[in-house]
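# Model the following, please.
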Amino acid sequence: MVIYNSIYEGGNYSLDKKYSIVVGSQYQSPVSSFALALDPRTSNQLKETTDKLNTGAKMLEIQGTFSKQLESIPDQHLDEIRRQAKLVGSKLTFHGPLEEPSGFDGQKNEWQEEKRKQVESQFNQALERAHKLDPDGNIIVTLHSTAQLPEMLQREKIDGKEKITSFFAVDSISGKVQLMKDEKSEFPESKEGKMQIFDPKKQIERINKEAWDQQLFNFAYHMDLAENRMGHSLQGVPSNMRELVYEVQEKVNQGQLTLKDIEKSDPHLAPYIRDGGGDAGLIYLRNSYNDLKGLFNYAYKSVEKAGNKNDLKKLDEFRKEVQQNYEQIEKNNQGALSKVVHNGLEVLKNLDEKPKIFKPFNEFVIDKSSDTFANVASNVYKKFGNSAPIISIENPPAGGGLSRAEDLKQLIESSREKFIKKLQSDGHTKTESKAIAEKLIGATWDVGHINMIRKYGYDDKDLLKEAKTIKPFLKHIHLSDNFGFEHTELPMGMGNVPLKETAKIFGKKFNKLSKAIETGDWYQHFQVSPFNYELAAFGSPLSSGGGANWSQASWGYAPYFAGYGTVNPEIHHSIYGRGFTSLPAELGGQIPGTQGSRATGGTPLA
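Okay, the predicted model is just below:
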């Protein structure tokens, strides 16, 4: 039995199992499954492509991450990138722009449908341009689930148990968002005086009840103000006399009758009739009518979604009443306006279920974002058919919105459901529609992003639960390592991402999926290509025939990178012989940043 001992414990000694991600030959991903990610900070993706192809990479991820840079890439460059990749047999993937798909504007702290539509247009254009890179295949286009939104349902693991510490709720009428924190309330919440445990669902129910009551109070106040300005109010008027009061008051307002006339003709009616109202009262009344329209529309959508038939019947009957009086309302007939506004308040006040004004922000964002992704999928499918690009939705770094596997799962399922409905309306069968939706909408799983839940108290077991949840939706993987706190983007095996165990969960799918290496932060600091480190960590085979792999061949000894500089410094060549200038530094080529060539001077090679 041969025992290998590491001669340098600080290095990445390939024969020491603790440094290898590989778990048996079934997880030894081929070199062709790894994509090098290009620099997203430059629009010169053509040069970036050339440089990366020169390393021998079999797959590249073209970056349209930032909208400004993407807009600066000429179409001719995309054609040239496609030709270059085809020439050397490389495949391409694409990273789309970082835009908020829900349409929520973080600066204004509000949601806008117009903003959502703008982002949808941007995504449409990005996917259409990505199609240029691979017109005959289904190029994978990664788009983030959110962009610059905070975690909307903040979860932490405290003393071994997951706890929700805060969440955001959105006002569906105004589009404004507010933060709900787990704060102790001294106000008793029960007969026994017990304090309520922080529960987002119960919190939403409570604020919805309060919010709808407040909306009705504001509406009633404005209505009462309007009627007082006009000189009449229905307060205290018997229900069987209201119709008559409307008619008589209208005649008084128009100068056809006076209070003295009414006192003589009908003394019982006179106490309910008042002088004048004029234009100011009509303006207030018209504003109340507009308030009613907004509340009615919101209530109708809420009731329709909840499926409450009794409430829907009440609202439909009131809608017929408005239609019957519509001509008089449009002529600003005060009686007709007052009647409709007052009856509208009664209907809204007596609904069985109070409309839900506030919604958990994550549910709201999933609903709006799935509109965007479904519409974009529908657009590219109509345009390109079976060669349409794949929308692969990525989890942002933990701490960002919709960063967890369950969030991503819900977003993908909702997007697919809406896409399926569009396909069916275009004549596809349900079975066909489901297959198309599952093919064109899935997930990009960033193992480094999810690893950052460690800073909220989670561990390896929790990370593997996340992997199990997302597995059925996987289309693409992003590889970057870190230690769970900062988005450091190290090569795999240099942090604490449990990729060995994650690979086991993903199974054979792990090898087949394209995997983009995202190590921009690493390269910025060390100026060393991560490619051979990744291949060594994964034990990628050196040839299709099996045999040796990169984890055995990359480093016979610990690399000097571990702390002693570039492998094979130039002085070695002046002493021991000449080298090849075209080789990478790790294999004895030119040292980056130095002048001259290793092929000049020195003793010839034996």
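# domains of this protein?
28-151+362-554, 207-358, 556-606 (automatic domain parsing).
# ranking those domains by mean pLDDT, which is last?
Sorting those by mean pLDDT places domain 556-606 lowest, at a mean of 48.
# top strand in this structure by residue count?
strand 161-171 (DSSP state E).
# Could you look up the SS state of P135?
Taken by DSSP: H, G, I helix; E, B strand; the rest coil, the conformation at P135 corresponds to coil.
# circling back to that earlier point, contacts for the helix or strand following the longest strand of the chain next, please.
The helix or strand immediately downstream of strand 161-171 is strand 177-181, counting by DSSP states H and E. With contact meaning C-beta atoms under 8 Å, 6 or more residues apart in numbering, strand 177-181 is reached by 104, 109-111, 165-171, 200, 203, 207, 361. The C-beta positions use only the backbone N, C-alpha and C, and glycine is treated the same way.
# now with 10 Å?
With contact meaning C-beta atoms under 10 Å, 6 or more residues apart in numbering, strand 177-181 is reached by 104, 106, 109-111, 149-150, 152, 154, 164-171, 198, 200, 203-204, 207, 358, 360-361, 364-365.
# Out of those residues, name the ones that lie in strands.
104, 110-111, 154, 164-171, 358, 360.
# Can you turn the buried part of those residues into a PyMOL selection?
Here is the PyMOL command that selects the buried residues among the ones in strands among the contacts of strand 177-181 (16 or more other C-beta atoms under 10 Å):
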select buried, resi 104+110+111+154+164+166+167+168+169+170+171+358+360
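# Need the ones in strands among the contacts of strand 177-181 in TSV (columns: distance to W445).
Shown next, in TSV, are the ones in strands among the contacts of strand 177-181 (distance: C-beta to C-beta, whole Å):
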residue	distance to W445
F104	24
E110	31
W111	27
Q154	21
I164	24
T165	25
S166	26
F167	24
F168	24
A169	29
V170	27
D171	33
F358	32
P360	24
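# Closest one to V528 out of the ones in strands among the contacts of strand 177-181, please.
Proximity of those to V528 (C-beta to C-beta) peaks at Q154, which lies at 37.0 Å.
# Would you quantify the distance from the closest one to S403?
11 Å (C-beta to C-beta, to the nearest Å).
# and what of L133?
Separation of L133 from S403 (C-beta to C-beta): 28 Å.
# With E346 instead?
Separation of E346 from S403 (C-beta to C-beta): 46 Å.
# out of those two, which sits in the more crowded spot?
Looking at E346 and S403 with other C-beta atoms under 10 Å, you find the greater number of neighbours at S403, namely 26 against 10.
# The more buried one and T146 touch, don't they?
Yes. Using C-beta atoms under 10 Å, S403 is in contact with T146, at 7.9 Å.
# what do those two both touch?
In contact with both S403 and T146: M152, E394, N395, P396, using C-beta under 10 Å, 6+ apart.
# Neighbouring strands - and their directions - for the helix or strand containing K515?
Applying DSSP H and E as the criterion places K515 in strand 514-517. Next to strand 514-517 in the sheet, as set by DSSP bridges, lie strand 34-37 (parallel), strand 474-479 (parallel).
# which one is the residue nearest the centre of the chain nearest to, not counting chain neighbours?
Most central in the chain under C-alpha atoms, centre = their mean is S145, positioned 2.3 Å from the mean C-alpha point. Distances taken as C-beta to C-beta, 6 or more residues apart in numbering place L402 nearest to S145, at 4.0 Å, with adjacent residues excluded.
# Does the one you found touch A443 like I think?
No. Contact criterion C-beta under 10 Å: L402 and A443 do not qualify, at 11.3 Å.
# list the residues that contact both of the two?
Here L402 and A443 have S145, I393, E394, N395, L408, L411 as joint contacts, going by C-beta under 10 Å, 6+ apart.
# how about CSV for those, with distance to F419 added?
Conversion of those to CSV gives the following (distance: C-beta to C-beta, whole Å):
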residue, distance to F419
S145, 16
I393, 13
E394, 18
N395, 20
L408, 16
L411, 12
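# Inside strands: which ones of these?
Per DSSP E, these map to strands at I393, E394.
# Which pair of the shared contacts of L402 and A443 spans the longest distance?
So, the shared contacts of L402 and A443 by C-beta to C-beta: farthest apart are E394 and L411, at 10.8 Å.
# Overlap in contacts, these two.
Shared contacts of E394 and L411, defined by C-beta under 10 Å, 6+ apart, are found at S145, T146, L402, A443.
# Out of those, flag the one nearest to R416.
The shortest gap between R416 and any of the shared contacts of E394 and L411 belongs to A443, at 11.4 Å (C-beta to C-beta).
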